[in-house]
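S.K.: here's my sequence, what's the structure:
(2 chains, ligands or ions: 3)
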Amino acid sequence: MTRKLLLRLGELVVVLALVSFGVFLLVALIPGDPAVAILGEGHPPEDYAALRAELGLDQPILNRYLDWLGGALTGDLGHSIVPPRSAVIDRVLAALPVSAELAILGLLLAMALAIPLAMWSAAREGGLVDRAIGASTFAVLSVPSFLSGLLLIMVLVNGLGWFPRGQWVRVSESITGNLHHALLPAVVIALSEAAVFTRILRSDLVVTLREDFVLAARARGMPRWRVLVGDALRPSSFSLLTLLGLSFGSLIGSTVIVETLFALPGMGSLVVNAANQGDFPMVQGATLLIAAAYVLVNIGIDLAYGFLDPRTRRVHA
Amino acid sequence: MTPEPPMSQEPPMTPEPPVTVGSTATPLLEVDDLRTTFHTPRGAVRAVDGVSLRLSAGETIGVVGESGSGKSVLGRTIMGLISAGPATEVQGTVRIGGRDVHALAPGERRRLWGPEVAMVFQDPMTSLNPTKRIGTHLTETLRLHLGLRRGAAADRAIELLVQVGIPEPRRRVRQFPHELSGGMRQRVVIALALACSPKLLIADEPTTALDVTVQKQILDLLGTLAERLDMATILISHDLGVIAGRTDRVAVMYAGRIAETAATAAVFEHPLHPYTDALIGSIPRLSNEPHAELRVIDGNPPDMSAPPPGCRFAPRCVHAFERCREEAPPPHEPLAYDARHSVACHAPLLPAPNADSGNADSGNADSMNGGDD
Ligand SMILES: Nc1ncnc2c1ncn2[C@@H]1O[C@H](COP(=O)(O)OP(=O)(O)OP(=O)(O)O)[C@@H](O)[C@H]1O
Ligand code: SF4
Ligand SMILES: [Mg+2]
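M.R.: Ligands and ions are numbered 1, 2, ... in the order given. Here you go, the predicted structure:
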């Protein structure tokens, strides 16, 4: 297990090196002169040149990358080029918890919704419940999340006033207050994820329920629900687990939508604003952290396989 | 329906007690005109089509027939694992210990599974949960039915593994199924079936998926345990050779019906049904290649959604005549001279006056020993 972990961590380093270089290059190659973006038009050329030198833009790209990487390793991701030119790391660390919470809460809600629905559906394969759940998930999937988000905002925020919008309360300030602010955006994220999870888990469960060991468990007198939960669920959850890791990545995309809808100060809004302002150090720093989080989560998922499926574990002699 | 007379050549076990529940006077298992029909998009599949049998406590019966003859469906319907549902029809009755399995509420029926009747499945590779430890399989069953505490269940699990001849049981309980060999897994499956001391064990091709060398060990183990625990057993197999010498009686199944049933020795000595005769002729000798595919009988078993009219064996029967193709032979016609031997055929093969001549000798000499009951 430790060997596997070390191997994974090595992978993490390689992936991060590749991602960081790719991102760095991509952002550096974006047309437009950051110096012009910062100072505006109409200054003497010396001013622009001085600023470029200050930002290190006069250096060859490889040098700039290594400089930046060296900084990143010590926790210094540089400064925003947009006044008040705050440290990238501070802004990112302020935004990351918001997005992470939305993603985690959203995925947890999605699982809490999907697992019972999938089990119910699979247990009644081909029946009315199964078809109703199948149709509902399909319906949910065909509604884009900005639309369901808008609808929820219209009804629950503007209409009934049950949930706030455009503010954020940190967990450290108040747990209930935090949940109150995070719940609705998380629900918007959860909806479409839950629909996908339900469909995947249901179809895997249906296959597992035809296995001999399920019949054998029933033949030992296990109640149907115990067979479903105790025997069928775990061997059916491998695809769901994979999906969970992938979802985490794609969630970064959908949190942008949700954060924008709910005007929340998360990573999505941070990156989008930075990109609009040509704030390349911010984009680079934020992307690096997102990539790191993504790789870490998927390492966790990989390790979880070993827990779920003993056959993938090393046999201890 | 002709019920079998209760006693014939069997030596009397105990003086007849008054008829009370649990006495040997009421058979442990009574199956009457059982029919299991699956309604599929292609039509109704009559997998079991009018089977009757009786089994008393401790008695063993072998059910033989080709693939698709309905043996597994029969076993599962007897147990109630297959029951009436949206696409499944079950007619006739199954009584275990006097209780009508298919009339019980699902929760009640479930309580029979384990303490009254248990099943050993064909493939030990697939009949254990790959994500569950061996010990958990056993303890959850013990705790469910016997209400044992965790510690007591764990102790009992070890005992059960010892009973089925698994070495190092304390290490095994911590292992997962994939860490055990096929033979060991099947022993675990047997231990699971025995966990609640069932009165009836249904073993559905318990050795088909195993190596030949392991097959005999597992069959011997089942035989010993059945005898020691006084457990009635239904041993299902497509191979008459497996059943020879191991069961008191044999029921030969063809296309959802019982073609012939008799004491095991009687079936081998003078098979009356042409199908039984052909089956006996095709038993592989022990000296044969273990996995040699034997073309059992020319032709294929009928499509169960459109079985032929008349005798279902007629298209493949060398003795078939006009009547066979029009009229189904009455099931379970007992013989005049042997009431426990019954056959469903218009023209049963004439038993040779002396048992030492005839078809029975053709290929089964080595597997015949020990067939006396
Ligand atoms: N759930 C089902 N739905 C439809 N048909 C079924 C179902 N289960 C079994 N059958 C059909 O019933 C017939 C008998 O099947 P069964 O499994 O009992 O045969 P078997 O004698 O056990 O054969 P084998 O030696 O291959 O195990 C087959 O034609 C099979 O296709
Ligand atoms: S009834 Fe006719 S076809 Fe059927 S087994 Fe007997 S002889 Fe053959
Ligand atoms: Mg079968």
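
S.K.: where's the closest residue to ligand 2 within the stretch 1-150 of chain A relative to ligand 1, distance?
M.R.: Scanning the stretch 1-150 of chain A for proximity to ligand 2 using Cβ to the nearest ligand atom identifies residue A:126 as nearest, at 38.7 Å. Placement of C-beta: from N, CA and C, glycine included. Distance of residue A:126 to ligand 1, given as Cβ to the nearest ligand atom, to the nearest Å: 13 Å.

S.K.: OK, contacts around that residue?
M.R.: With contacts defined as Cβ atoms under 8 Å, 6 or more residues apart in numbering or on different chains, residue A:126 has no neighbours.

S.K.: try it again with 10 Å
M.R.: The contact partners of residue A:126, by Cβ atoms under 10 Å, 6 or more residues apart in numbering or on different chains, come to A:206, B:86-87.

S.K.: can you list the domain ranges for chain A.
M.R.: The record's domain parsing of chain A by automatic domain parsing lists A:2-73, A:89-277.

S.K.: returning to what we had before: name the nearest of the contacts of residue A:126 relative to residue A:212.
M.R.: Using Cβ to Cβ, residue A:206 is the member of those that sits closest to residue A:212, with 15.1 Å.

S.K.: remind me which residues of the chain are low pLDDT?
M.R.: All of this refers to chain A. A:1, A:252-254, A:314-317 (pLDDT under 70).

S.K.: not quite, go with chain B.
M.R.: Within chain B, the segments meeting pLDDT under 70 span B:1-25, B:284-296, B:332-338, B:351-373.

S.K.: which stretches of it form strands?
M.R.: If DSSP state E is used as the criterion, the strands of chain B fall at B:29-40, B:43-55, B:60-64, B:88-96, B:99-100, B:117-120, B:200-204, B:232-237, B:249-254, B:257-263, B:333-334, B:342-343.

S.K.: could those go into TSV alongside distance to residue A:33 and mean neighbour count?
M.R.: Written out in TSV, the entries for the strands of chain B read as follows (distance: least, Cβ to Cβ, whole Å; neighbours: other Cβ atoms under 10 Å in any protein chain shown):
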stretch	distance to residue A:33	mean neighbour count
strand B:29-40	72	18
strand B:43-55	77	21
strand B:60-64	87	26
strand B:88-96	75	18
strand B:99-100	89	13
strand B:117-120	78	28
strand B:200-204	78	25
strand B:232-237	82	25
strand B:249-254	87	26
strand B:257-263	90	26
strand B:333-334	102	17
strand B:342-343	100	25
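
S.K.: now render the ones you listed as TSV, adding distance to residue A:242.
M.R.: As requested, the strands of chain B are arranged in TSV below (distance: least, Cβ to Cβ, whole Å):
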stretch	distance to residue A:242
strand B:29-40	34
strand B:43-55	38
strand B:60-64	44
strand B:88-96	35
strand B:99-100	47
strand B:117-120	35
strand B:200-204	35
strand B:232-237	39
strand B:249-254	45
strand B:257-263	49
strand B:333-334	61
strand B:342-343	58
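
S.K.: in the sheet, who's paired with the closest residue to residue B:234 other than its chain neighbours?
M.R.: Once flanking residues are discounted, residue B:234 sits nearest to residue B:202: 4.7 Å by Cβ to Cβ, 6 or more residues apart in numbering or on different chains. Under the criterion DSSP bridges, residue B:202 forms beta bridges with residue B:119, residue B:234.

S.K.: quick one: the lengthiest helix in chain B near chain A?
M.R.: If you go by DSSP state H, chain B has its longest helix at helix B:212-228. No. Helix B:212-228 is not in contact with chain A by Cβ under 10 Å from any Cβ of the partner chain; minimum separation 16.3 Å.

S.K.: still on that earlier bit, the domains of chain A: which one's closest to residue B:256?
M.R.: Nearest to residue B:256, of all the domains of chain A, is domain A:89-277, at 20.7 Å by Cβ to Cβ.

S.K.: that closest one: end-to-end distance?
M.R.: The straight-line separation of the ends of domain A:89-277 (Cα to Cα, to the nearest Å) is 18 Å.

S.K.: how about the residues of the stretch 201-317 of chain A near chain B?
M.R.: Counting by Cβ under 10 Å from any Cβ, the residues of the stretch 201-317 of chain A that sit close to chain B are A:208, A:211-224, A:226-227, A:230-237, A:307-311, A:313, A:315-316.

S.K.: in helices only, show me these.
M.R.: When helices are assigned by DSSP H, the members of these inside them are A:208, A:212-219, A:224, A:226, A:307-308.

S.K.: let me have these in TSV, adding distance to ligand 2 and neighbour count as columns.
M.R.: Formatted as TSV, the entries for these read as follows, by distance: Cβ to the nearest ligand atom, whole Å; neighbours: other Cβ atoms under 10 Å in any protein chain shown:
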residue	distance to ligand 2	neighbour count
A:208	42	20
A:212	34	17
A:213	39	25
A:214	39	22
A:215	34	19
A:216	36	25
A:217	40	27
A:218	37	20
A:219	34	25
A:224	42	15
A:226	47	15
A:307	58	12
A:308	53	17
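
S.K.: ok, which pair from the residues you listed is furthest apart?
M.R.: The largest separation in these, counting by Cβ to Cβ, is between A:219 and A:307 at 27.8 Å.

S.K.: just give the nearest non-adjacent residue to residue B:207, would you?
M.R.: Leaving aside its chain neighbours, residue B:207 sits nearest to residue B:215 (4.0 Å; criterion: Cβ to Cβ, 6+ apart).

S.K.: and for that neighbour, the neighbour number?
M.R.: Per other Cβ atoms under 10 Å in any protein chain shown, the neighbour tally for residue B:215 reads 19.

S.K.: check contacts around it.
M.R.: If a contact means Cβ under 10 Å, 6+ apart, then residue B:215 has B:183, B:186, B:206-209, B:239, B:242, B:290 as its contacts.

S.K.: of those, which is the most crowded?
M.R.: Among the contacts of residue B:215, where neighbours are counted by other Cβ under 10 Å, the top count belongs to residue B:186, at 31 neighbours.

S.K.: please determine how far that residue is located from residue B:176.
M.R.: With distances defined as Cβ to Cβ, to the nearest Å, the gap from residue B:186 to residue B:176 amounts to 16 Å.

S.K.: do residue B:136 as well
M.R.: For residue B:136, the distance to residue B:176 equals 10 Å [Cβ to Cβ].

S.K.: then residue A:73?
M.R.: Remark: distance between residue A:73 and residue B:176 (Cβ to Cβ) = 42 Å.
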